[in-house]
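>>> take this sequence and fold it.
(one chain, ligands or ions: 1)
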Amino acid sequence: MLKDFKQFVPSSVCLKCDGCCRFKEADSRWRPYIAENEKKEAALPSVVDKVFGSHVISSDGKIAATHCGEGFLCHFFNSKDNTCGIYHARPFECQLYPFLLGKEGAKAVLYVHLNCPFIQEQWNSQIYKEYSQYLQDYFRKKEVREFLKHNPMLLTDYSAFRPELDHVCDIVLE
Ligand code: SF4
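The predicted structure is shown next:
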């Protein structure tokens, strides 16, 4: 299902940024969640079985963070060259960022994170508008809504970060 998902930020831009994959706290809500079927459907199943062992997944289903300097890094992040050690099997949340799946009470919502430099550069551009529409159509697909329903952990409470976010659309799961 996720094979055809189109990421907004080009990986060449991500490689130059020092924002993502780093966290202030070990239990940060910004750590990505890994859905069970993502592990099974990942592009490199044998490698993924090995790397997604229980020691790298916290009790909340998110990837564990490793202490580094004054903060924490995603277990799979290589700070020497800014790369992801499981790039071809990275979780959906990593592909989706700077768009975020949130919840407001019982409602599922899609936000965009305004701190992302690429968003600041592309804000309200034609590319942004087209991609935003692509996402709204994507989250209307039955199989995508089923995926979200089976993985409610993907919907994170970002209320503490609301000033950094812009509401893109509500997501209807039924
Ligand atoms: S899985 Fe990869 S892309 Fe996702 S947070 Fe970790 S290092 Fe970054």
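>>> alpha carbons only for contacts and neighbour counts from here, please
Will do.
>>> number of residues surrounding the residue lying closest to Leu173 once chain neighbours are set aside?
Nearest residue to Leu173 in three dimensions, chain neighbours excluded: Arg145, at 5.3 Å (Cα to Cα, 6 or more residues apart in numbering). Residues within reach of Arg145, counting by other Cα atoms under 10 Å, total 17.
>>> next up, the contacts around Arg145.
139, 172-174 (Cα atoms under 8 Å, 6 or more residues apart in numbering).
>>> pick the one among the residues you listed closest to Asn115.
Phe139 (22.9 Å; Cα to Cα).
>>> in terms of contact, does that closest one touch Asp170 like I think?
No. In this structure, Phe139 is not within contact of Asp170 by Cα atoms under 8 Å, at 9.5 Å.
>>> these two: which is more packed in?
Phe139 (20 against 17).
>>> what residues are up against that one?
For Phe139, the residues meeting the contact criterion (Cα under 8 Å, 6+ apart) are 145, 171.
>>> related to what we said a few turns ago, would you say the residue nearest to Leu173 is within a helix?
Yes. Secondary structure of Arg145 (DSSP: H, G, I helix; E, B strand; the rest coil): part of a helix.
>>> how much space separates it from Pro152?
As judged by Cα to Cα, to the nearest Å, Arg145 and Pro152 stand 11 Å apart.
>>> same deal with Phe76?
Taking Cα to Cα, one finds Phe76 at 23 Å from Pro152.
>>> one step back: which one (most neighbours) among the contacts of Arg145?
Phe139 (20 neighbours).
>>> state the distance from that residue to Phe147.
10 Å.
>>> about what we covered before: who has more neighbours, Phe76 and Pro152?
Phe76 (20 against 13).
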